[in-house]
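Student: my questions concern the predicted model and sequence given below.
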Amino acid sequence: MSRKFIDDDEVVSFLSANPGATVIDVQKHIGATINGVRTKLRKMVVARVVESKRINGCNHYQLLENTAVFGSPNQALLNSLLGRVQQRRVSL
């Protein structure tokens, strides 16, 4: 299997439609290597985008509630920054 860039938005959209998915489920949908998907999901857990629950020796992933609204952590940051700018424009 060739190397593939794993897009955060693609993982987020899959997990929003399939909460409780395993690494293998995400890997089959995206088409990347299992190690690549596992690493991406670990980074997303550390970034507080995804939460992991261990059930019967297997990690199941789902989105955190605040991420489902924004779509991705980058989008959440952009929305918060735009909210600050718009508030300042109104007050001037």
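Tutor: Now that the structure is in, tell me what you want to look at.

Student: only C-alpha atoms, please: export the helix or strand encompassing residue 28 in PDB.
Tutor: When elements are defined using DSSP states H and E, residue 28 is found to belong to helix 23-30. As requested, the backbone C-alpha atoms of helix 23-30 are provided in PDB (Å, rounded to 0.1, in the frame of the first residue of the first chain):
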ATOM      1  CA  VAL A  23      -8.500   1.900  13.800                       C
ATOM      2  CA  ILE A  24      -9.300  -0.800  11.300                       C
ATOM      3  CA  ASP A  25     -12.700   0.800  10.400                       C
ATOM      4  CA  VAL A  26     -11.000   4.200   9.800                       C
ATOM      5  CA  GLN A  27      -8.200   2.600   7.800                       C
ATOM      6  CA  LYS A  28     -10.600   0.700   5.500                       C
ATOM      7  CA  HIS A  29     -12.500   4.000   4.800                       C
ATOM      8  CA  ILE A  30      -9.500   6.200   4.300                       C
END
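
Student: just checking, what packs against that helix?
Tutor: Helix 23-30 sits against helix 8-17, helix 34-46, strand 58-63, with contacts defined as 3 or more CB pairs under 8 Å, 6 or more residues apart in numbering; DSSP states H and E. All C-beta atoms are positioned from the backbone trio N, CA, C, and that covers glycine.

Student: figure out which of these is closest to residue 80.
Tutor: Residue 80 lies closest, by CB to CB, to one member of the helices and strands packed on helix 23-30: helix 8-17, at 17.1 Å.

Student: between helix 23-30 and that closest one, find me the angle.
Tutor: Angle, helix 8-17 to helix 23-30, by axes from the mean of the first three to the mean of the last three CA atoms, to 10 degrees: 120 degrees.

Student: shaky segments in this protein?
Tutor: By pLDDT under 70, the low-scoring segments of the chain are 1-3, 66-73, 76, 79, 83, 85-92.

Student: for the helices and strands packed on helix 23-30, give me JSON lines that also has mean neighbour count and distance to residue 75.
Tutor: JSON lines is the format used below for the helices and strands packed on helix 23-30 (neighbours: other CB atoms under 10 Å; distance: least, CB to CB, whole Å):
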{"stretch": "helix 8-17", "mean neighbour count": "17", "distance to residue 75": "8"}
{"stretch": "helix 34-46", "mean neighbour count": "17", "distance to residue 75": "14"}
{"stretch": "strand 58-63", "mean neighbour count": "17", "distance to residue 75": "13"}
